[in-house]
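Trainee: Sequence first, predicted model second:
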Amino acid sequence: MPFSLHLHIMHFVTAFADEALLLPLAASVVFGFATSGWRRGAAGWGGAVALTLAVMLGLKLALIPCGHLLLPGLRSPSGHTAAAAAIYGSLIGIWTRHRGRSSLWTAPVALGVAVVIAVSRLALHVHSPIEVLVGGGVGITGAMLAVVLAGPPPAGLRLRSIAVAMVVVIVVFHGFQLPAEAEIRRLSFTIWPFSACR
């Protein structure tokens with residue numbers, strides 16, 4: 001495979017995990033759950049996803065300036081890997097639970113999503129192996145927490161309508177990039193005590 005085609009494929013894959021796509025996707029899912037009458041699902045799933053993103057933000061703020069003191073190559077844990085594993089993994093977990101299967105499917109599905117995105121991030125040389133491992137660990141944990149907090153989906157949940165809305169969001173926002181990393185990096189060097197690691 002030509003190198004340029006390989007890079008194009010990796011960019012295409014990694015774009016499914018950019019916050020520019022995942023934030024509106026998550027909002028559409030929360031809205032879909034809430035309007036379907038599944039308020040616990042909207043609150044529990046949305047809260048777990050928000051917590052996952054908050055944990056990643058906290059880790060980035062601390063580790064961008066100080067991570068190299070803990071482990072070589074640890075600077076900025078992969079938010080793409082974490083967010084994709086948490087969101088896509090938990091949604092597939094909820095779908096399998098709605099189909100009468102065990103919610104234990106969430107962990108291997110989230111792991112699979114994390115591996116795919118991690119490979120794309122490594123191929124694009126934007127993260128080190130330890131950074132995608134940290135992101136994957138946070139994302140898989142977030143996916144399992146989201147399924148637990150959401151609870152069992154009601155029998156009348158309109159998953160097909162929610163899935164259609166998700167596809168529309170993915171088609172519209174795929175390829176957009178949110179320049180969050182540069183702002184987080186700038187901010188991380190201004191927060192004490194992390195600024196002392198410079």
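Mentor: Great, that's in hand. Residues are numbered from 1 along each chain as shown.
Trainee: My read is that residue 188 contacts residue 194, right?
Mentor: Yes - contact criterion C-beta atoms under 8 Å: residue 188 and residue 194 qualify, at 6.0 Å. In short, each C-beta sits where N, CA and C put it, glycine included.
Trainee: Common neighbours of these two, please.
Mentor: Counting by C-beta atoms under 8 Å, 6 or more residues apart in numbering, the contacts common to residue 188 and residue 194 are 61, 62, 64, 65.
Trainee: so which of the residues you listed is the most crowded?
Mentor: Neighbour counts for the shared contacts of residue 188 and residue 194 peak at residue 64, which has 23 neighbours (criterion: other C-beta atoms under 10 Å).
Trainee: how about that one, what does it touch?
Mentor: By C-beta under 8 Å, 6+ apart, the neighbours of residue 64 are 75, 76, 184, 185, 188, 189, 194.
Trainee: again, only using 10 Å
Mentor: 74-77, 181, 184-189, 191, 194, 197 (C-beta atoms under 10 Å, 6 or more residues apart in numbering).
Trainee: cool, residue 186 as well?
Mentor: residue 64.
Trainee: Residue 141 now?
Mentor: 48, 51, 52, 55, 82, 85, 86, 107, 110.
Trainee: Spatially, what comes nearest to the most centrally placed residue in the chain if we skip its sequence neighbours?
Mentor: Centroid-nearest residue in the chain: residue 83, 0.8 Å away (criterion: C-alpha atoms, centre = their mean). Distances taken as C-beta to C-beta, 6 or more residues apart in numbering put residue 22 closest to residue 83, at 5.1 Å, once the chain neighbours are dropped.
Trainee: now that neighbour, what's its secondary structure?
Mentor: helix (DSSP: H, G, I helix; E, B strand; the rest coil).
Trainee: coming back round to it: nearest to residue 135 among the contacts of residue 141?
Mentor: residue 82 (4.1 Å; C-beta to C-beta).
Trainee: What is the neighbour count of the closest one?
Mentor: Neighbour tally, residue 82, other C-beta under 10 Å: 29.
Trainee: With residue 6 instead?
Mentor: So residue 6, with other C-beta under 10 Å, has 11 neighbours.
Trainee: Run through the residues that contact the closest residue to it other than its chain neighbours.
Mentor: Distances taken as C-beta to C-beta, 6+ apart place residue 123 nearest to residue 6, at 7.2 Å, with adjacent residues excluded. Taking C-beta under 10 Å, 6+ apart, we find residue 123 in contact with 6, 7, 9, 10, 11, 13, 14.
Trainee: Those residues, buried ones only, as a ChimeraX selection?
Mentor: Buried members of those, defined by 16 or more other C-beta atoms under 10 Å, are picked up in ChimeraX with:
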select :10,13,14
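Trainee: Thanks a lot, catch you later.
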